[in-house]
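here are the coordinates; sequence isn't available:
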């Protein structure tokens, strides 16, 4: 295994560093690699909550110990290349530990042949230190293993209506039979200017008013625009009314849950950034606006999009929250009111496979004239109700109202 891959893994993933730290010795890296590893190690020791090491800070820390500018630039380039290296930390950790175990096993066997009791004892202790060692594992997809478990303990809490996260507007919530459970992933898709952001703002204001913590990660619109639209939705005031009385709007917004929403602007954002935010905020609901803009370090657009959707689903389970993701609908959805899975742009199989609920937003010209949009549920594992229905849209207040 290359030294670069090992260093890339520990830079990009704290868990990888923790898994191999006990086995790194003076012979693991060359001189330059050892300097970089020590700087990464110092970064994690300084911040026990860091999910990954910031490459700029690592490079700056190394640079402060060097006199020559050319050496500073060399290490800055090396660390930047590590951050850009595509790797699988789980596989690298596994291979690293397995290789060390193999080498220790050979040394133990040689000691046994030599017959020196002290050497045998020493080699055996090293080998057994690797034996059965935990490595990084993929997250389980079923949330645990159950056999003969009491139904009340397994299902009672999960399906308790009090534990459902209510979704607005009410007509959508009814079709979800009371809301979403933690671990669910909802994907909202629509053509541009069809109301995707309006829908997520309406939802997250509902979540916030219910006392739920919301983390909004946006890489599409300027964050002041999102905060303004959220304030309008919470207060019922237009943008101009808000600006005329900012203090009054602030007071009303806070009364209605504004402080329950954490806004984070991404440009365009990486999974590591979002994971760090999730660990810090611990939200009830994560809103990702939009999936297609996340930097997944994959030049193949469809594969990157599907990888982003898989991450979103994993976060829902890993952090026991609801994730609401936003993506685009393709040209096939233009002018349509009822969308199906095939209208999801660039990935009409991969993205839907990660979702518990697919919510399409469409409208004909007649709907637009009436101030309506049409919600479609081409995938609904929550209740099985694959229906479509119109809702009243108020773009000025980013508000959606049930028509039923």
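Nice, thanks for sending it over. As the structure is a prediction and not an experimental result, all values here were calculated from the model.

For the helix or strand where residue 16 lies, name the packing helices and strands.
Using DSSP states H and E, residue 16 sits within helix 14-20. On a contact count with 3 or more Cβ pairs under 8 Å, 6 or more residues apart in numbering; DSSP states H and E, helix 14-20 meets helix 3-12, helix 31-46, helix 89-114. Quick note: C-beta positions are derived from backbone N, CA and C, even for glycine.

now for the second one, which elements pack on it?
In this structure, helix 31-46 packs against helix 3-12, helix 14-20, helix 55-63, helix 69-84, with contacts taken as 3+ Cβ pairs under 8 Å, 6+ apart.

go again using 6 Å as the cut-off
Contact here means 3 or more Cβ pairs under 6 Å, 6 or more residues apart in numbering; DSSP states H and E; on that basis helix 31-46 packs against helix 3-12, helix 55-63.

Also the longest one?
Under the contact criterion of 3+ Cβ pairs under 6 Å, 6+ apart, the helices and strands touching helix 89-114 comprise helix 3-12, helix 14-20, helix 117-130.

in that helix, what's buried?
In terms of neighbour count (16 or more other Cβ atoms under 10 Å), helix 89-114 has its buried residues at 89-90, 92-93, 95-97, 100-101, 104, 107-108, 111.

quick revisit: go through the helices and strands packed on helix 31-46 and name the closest to residue 386.
Closest approach to residue 386 among the helices and strands packed on helix 31-46 is made by helix 3-12 (39.9 Å; Cβ to Cβ).

The stretch 151-300 of the chain: helices as residue ranges?
Here the stretch 151-300 of the chain has its helices, by DSSP state H, counting those that start in this stretch, at 151, 170-175, 196-209, 223-235, 239-244, 246-255, 271-281.

Among these, which comes closest to residue 311?
helix 271-281 (5.0 Å).

Could you verify that residue 393 is part of a strand?
Yes: remark: residue 393 belongs to a strand, assigned using DSSP: H, G, I helix; E, B strand; the rest coil.

on that earlier part again, distance to residue 364 added to the helices and strands packed on helix 89-114, as CSV?
Formatted as CSV, those follow (distance: least, Cβ to Cβ, whole Å):
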stretch, distance to residue 364
helix 3-12, 47
helix 14-20, 50
helix 117-130, 65
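
one step back: chain center to the helix holding residue 16, what's the gap?
Relative to the chain's own centre, helix 14-20 is displaced by 20 Å; criterion: Cα atoms, centre = their mean, to the nearest Å.

I'd like the mean pLDDT over that helix, please.
For helix 14-20, mean pLDDT is 88.

just use 54 as the starting number from now, easier for me
Sounds good: first residue 54 from here, last item helix 67-73.

in it, what's buried?
Within helix 67-73, the residues that count as buried by 16+ other Cβ under 10 Å are 67-70, 72-73.

got it, and stretch 241-259?
Buried residues in stretch 241-259, counted by 16+ other Cβ under 10 Å: 241-244, 247-259.

Could you do stretch 311-318 as well?
311, 313-314, 316-317.

residues in contact with the closest residue to residue 306 other than its chain neighbours?
Nearest residue to residue 306, sequence neighbours excluded (Cβ to Cβ, 6 or more residues apart in numbering): residue 287, at 4.5 Å. Residue 287 sits next to 258, 306, 309, 311 when contact means Cβ atoms under 6 Å, 6 or more residues apart in numbering.

at 7 Å what do you get?
Contacts for residue 287 were tallied using Cβ atoms under 7 Å, 6 or more residues apart in numbering; they are 258, 306, 309-311.

Next one: it, what pLDDT does it get?
On the pLDDT scale, residue 287 gets 97.

With residue 389 instead?
Model confidence at residue 389, given as pLDDT, is 95.

Checking it next. Helix, strand or coil?
Look at residue 389: counting by three-state DSSP, its state is coil.

Of the contacts of residue 287, which is the nearest to residue 369?
Taking Cβ to Cβ as the measure, residue 258 is the one of those closest to residue 369, at 20.5 Å.

Identify the residue spatially nearest to the closest one, adjacent ones excluded.
In this structure, residue 258 finds its nearest non-sequential neighbour in residue 286, 4.5 Å apart by Cβ to Cβ, 6+ apart.
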